[in-house]
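Undergrad: Here's my sequence, what's the structure:
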Amino acid sequence: MDNFTKKDMEEALRVITSMISKTEKAKEKFAQGTPQHTLQKNRLQALNIALSLISEELAESDALDYYSKDDLKKAFASIDSLISKSEKAQKKLAQGTWQHTMLSNNLKALYITLPLLTKALREIGAGKEQIE
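TA: Okay, here's the model as predicted:
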């Protein structure tokens, strides 16, 4: 679990699960084939991979059998993009608001996910230079 506690990982599971639910609802609002629908679909895939990797890390088992290197690379890019967009949005919000707190929780969960994705990519033969 690297630098994260079991409690951090369990909280990340809760947050990622919430993000998945919100993304599924957002995806329904867009027509299939539109850029917005595709973005939500890609985010949903990345969040599901993140959820799986965190769950597997907590259970100390292996999730790599389920995902291809390409799936993991796409998930890494989507999570990285979510972090960037969340950080920009958070800067515009007053500290202490529910939106700021929600984004803080989301960012913490996403930051837990990145090293797990990096580790998974390395374990299936992709070096960090191939991630980006």
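
Undergrad: Tell me the secondary structure at the residue sitting furthest away from the middle of the chain.
TA: Farthest-out residue of the chain from its mean C-alpha position, per Cα atoms, centre = their mean: Ala94, at 24.1 Å. Three-state assignment for Ala94 (DSSP: H, G, I helix; E, B strand; the rest coil): coil.

Undergrad: so what pLDDT did it get?
TA: According to the prediction, Ala94 has pLDDT 95.

Undergrad: show me the contacts for the residue lying closest to it once chain neighbours are set aside.
TA: Once flanking residues are discounted, Ala94 sits nearest to His100: 6.4 Å by Cβ to Cβ, 6 or more residues apart in numbering. The C-beta positions use only the backbone N, C-alpha and C, and glycine is treated the same way. His100 makes contact with Gln90, Leu93, Ala94, according to Cβ atoms under 8 Å, 6 or more residues apart in numbering.

Undergrad: which among the residues you listed gets closest to Ser104?
TA: Among the contacts of His100, Gln90 lies closest to Ser104 (Cβ to Cβ), at 7.0 Å.

Undergrad: May I ask you to confirm that that closest one is in contact with Thr101?
TA: No - Gln90 is beyond contact range of Thr101, at 9.7 Å (criterion: Cβ atoms under 8 Å).

Undergrad: of those two, who's got more company?
TA: Gln90 (17 against 13; other Cβ atoms under 10 Å).

Undergrad: Now the helix or strand hosting the more buried one - C-alpha only, CSV.
TA: Assessed by DSSP states H and E, Gln90 sits inside helix 69-91. Output of helix 69-91 as CSV, limited to C-alpha atoms (Å, rounded to 0.1, in the frame of the first residue of the first chain):
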residue,chain,number,x,y,z
LYS,A,69,-1.7,-2.7,-20.9
ASP,A,70,-3.7,-0.5,-23.2
ASP,A,71,-6.6,-0.4,-20.7
LEU,A,72,-4.2,0.6,-18.0
LYS,A,73,-2.6,3.3,-20.1
LYS,A,74,-6.0,4.8,-21.0
ALA,A,75,-7.0,4.7,-17.3
PHE,A,76,-3.8,6.4,-16.3
ALA,A,77,-4.4,9.2,-18.8
SER,A,78,-8.1,9.6,-17.7
ILE,A,79,-7.2,9.7,-14.0
ASP,A,80,-4.4,12.2,-14.7
SER,A,81,-6.8,14.4,-16.7
LEU,A,82,-9.4,14.2,-13.8
ILE,A,83,-6.7,15.3,-11.4
SER,A,84,-5.8,18.3,-13.5
LYS,A,85,-9.4,19.4,-14.0
SER,A,86,-10.3,18.9,-10.4
GLU,A,87,-7.3,20.9,-9.2
LYS,A,88,-8.2,23.8,-11.5
ALA,A,89,-11.8,23.7,-10.4
GLN,A,90,-10.9,23.5,-6.7
LYS,A,91,-8.8,26.7,-7.0
